[in-house]
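Enquirer: quick one, fold the following:
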Amino acid sequence: MSSFLSTLSPYLPPHEGLLPKWLLFISIISIGNSIQAYSTLQYTSRVYSENPSLTPHQSTPLAPHSTATPLQGRTFGTWTLIQSLVRLYAAYNISNERFFELGFLTYAVAFCHFMAEWMVFRTAKWGGPMAVPVFVSTGTLVWMWLQWGFYVQ
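Expert: Model prediction:
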């Protein structure tokens, strides 16, 4: 186990604390999420699974109870990839005020998007698939806000 960590260590962000490593971890997970959004609607349709006006002919065979379409899935995948890359840069440049701000803003945009889809547009319902991005974005926003002075001098 220690040899694995020593092999991995040179590739981790060179800053103190766990926040840069968390940003890197979430970036890697999000890149995987982008890939799956391009390859299947299975997970995207679990988040965007509510629409009171959806009729059976409006759903797709890939997502029978969802308004998610292949185009929307790919768009979501592209959006997630862009946010992942910004977060990746923020992880390795966390002491740079502009990178820190950009990373912070990606979580703010994600939080606002998911809250709007749930509470305003009603295209998402609360549950596991929705809770994960909301908790990650909220927790990371609070963590970054609290750690601003530690990383940005």
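Enquirer: how many other residues sit next to F111?
Expert: 17 (other C-beta atoms under 10 Å). Bear in mind the C-beta positions are built from the backbone N, C-alpha and C, glycine included.
Enquirer: and after the helix or strand where it lies, which helix or strand comes next?
Expert: Applying DSSP states H and E as the criterion places F111 in helix 97-115. For helix 97-115, the following helix or strand on the C-terminal side (DSSP H and E) is helix 128-151.
Enquirer: and that next one with helix 97-115, angle?
Expert: With axes from the mean of the first three to the mean of the last three C-alpha atoms, to 10 degrees defining the directions, helix 128-151 sits at 160 degrees from helix 97-115.
Enquirer: so where's this protein uncertain?
Expert: 1, 5, 50-65 (pLDDT under 70).
Enquirer: could you list the residues in contact with the helix holding F111?
Expert: Identification of contacts with helix 97-115 by C-beta atoms under 8 Å, 6 or more residues apart in numbering yields 23, 47, 83, 86-87, 89-91, 93-94, 124, 130, 133-134, 136-138, 140-141, 144-145, 148, 151-152.
Enquirer: check stretch 143-153 too.
Expert: Residues outside stretch 143-153 that contact it (C-beta under 8 Å, 6+ apart): 15, 17, 19-20, 22, 94-97, 100, 103-104, 107.
Enquirer: that older thread, any buried residues in the helix holding F111, and which?
Expert: Across helix 97-115, burial judged by 16 or more other C-beta atoms under 10 Å covers F99, F100, L102, G103, F104, T106, Y107, A110, F111, F114.
Enquirer: now the terminal residues of stretch 2-14, how far apart.
Expert: 18 Å (C-alpha to C-alpha, to the nearest Å).
Enquirer: list the buried residues of it.
Expert: Neighbour-count burial for stretch 2-14 [16+ other C-beta under 10 Å]: P13.
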